[in-house]
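K.L.:
Got a predicted structure here, sequence first:
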Amino acid sequence: MAGFDTLHRRGLMFVLSSPSGAGKTTIARKLLGADNQIAMSVSVTTRPMRPGEVDGKDYHFTDRETFQRMVDNDEFLEWAIVFDHFYGTPRAQIKAGLKDGQDFLFDIDWQGTQQLHQRMETDVVRVFLLPPSIEELERRLAGRGTDTPEVVADRMNRARSEISHWDGYDYVTVNDDVESCFERVHGILKSERKRRARQTGLVDFVRDLMR
Ligand SMILES: Nc1ncnc2c1ncn2[C@@H]1O[C@H](COP(=O)(O)OP(=O)(O)OP(=O)(O)O)[C@@H](O)[C@H]1O
Ligand SMILES: Nc1nc2c(ncn2[C@@H]2O[C@H](COP(=O)(O)O)[C@@H](O)[C@H]2O)c(=O)[nH]1
């Protein structure tokens, strides 16, 4: 007999994407601070560390050779080249965590999102953030003060092409104001946790109820 104490929730993979500078990192940090059921998936990257970034917390920073070895050993759930650097999600930890009900937050681009969705469709929730305008996006990128004017220009050049992938996402919302955007995104996360497909043991429990 399967009692209701046998009901457990499988973890989900919560993906935040946006054109560079629209505010993924800002919203991700707020989510992590406000919600103790979700943990960051820390990516591996070959891009140089920015001032203030911490190796192992913001990214696992590595070189091209090591990254390629990890690709060859199939150590990534997904990987992509973004702005001429390599980025990837290490497979270790995620699969076991999901089984234990741990949710993971991914700050990854549209290419990685497609790969995750192809591999683990029902576990993946895809959220795309839009900036309120192109001018505001440029203000945010320049105002962040972490990139050279050339890097900012390059990211702006690619913004429209990144935005064109908006329809590959389950939810699309504008990051106009940090607080209200965070509330909307957190609302999506909380609702998605309640989906029937994530409740393990439900089939047996309902079958026993109907006996
Ligand atoms: N709603 C908002 N209003 C005003 N400024 C914002 C808002 N959201 C984020 N910002 C600011 O915009 C800048 C870019 O934000 P953030 O670094 O979070 O973007 P990102 O999408 O993670 O960029 P990247 O993809 O390059 O990592 C930061 O300086 C951040 O403080
Ligand atoms: N496909 C993946 N994309 C990733 C991953 N980690 C980060 N990203 C995306 O790269 C760009 C640039 O990030 P930045 O920190 O250098 O500004 C941004 O769109 C991230 O979402 C990853 O593991 N896989």
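P.N.:
Good, I have the coordinates. Residues are numbered from 1 along each chain as shown. Ligands and ions are numbered 1, 2, ... in the order given.
K.L.:
so where do the helices sit in this protein?
P.N.:
Taking DSSP state H to define them, one finds helices in the chain at 24-34, 64-72, 94-99, 110-120, 134-144, 149-163, 178-193, 202-209.
K.L.:
Give the buried residues for the third one.
P.N.:
So that's helix 94-99. 94, 97-98 (16 or more other Cβ atoms under 10 Å). In this view, the C-beta of every residue, glycine as well, is placed from N, C-alpha and C.
K.L.:
Name the residues that touch that helix?
P.N.:
Helix 94-99 is contacted from outside by 10-13, 39, 41, 77, 104, 123, using Cβ atoms under 8 Å, 6 or more residues apart in numbering.
K.L.:
Adding distance to Thr89, neighbour count and pLDDT, write those residues out as CSV.
P.N.:
CSV is the format used below for these (distance: Cβ to Cβ, whole Å; neighbours: other Cβ atoms under 10 Å; pLDDT from 0 to 100):
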residue, distance to Thr89, neighbour count, pLDDT
Arg10, 18, 18, 92
Gly11, 15, 22, 95
Leu12, 15, 25, 97
Met13, 9, 25, 97
Ala39, 13, 16, 96
Ser41, 6, 20, 96
Leu77, 5, 21, 95
Phe104, 9, 20, 97
Asp123, 13, 20, 94
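K.L.:
ok, which of these also contact ligand 2?
P.N.:
Contacts with ligand 2 are made by none of the contacts of helix 94-99, judged by Cβ under 6 Å from any ligand atom.
K.L.:
As TSV, those residues with distance to Asp167 would be great.
P.N.:
Below are the contacts of helix 94-99 laid out as TSV (distance: Cβ to Cβ, whole Å):
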residue	distance to Asp167
Arg10	27
Gly11	26
Leu12	21
Met13	19
Ala39	28
Ser41	24
Leu77	23
Phe104	24
Asp123	21
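K.L.:
Fine by me, thanks again.
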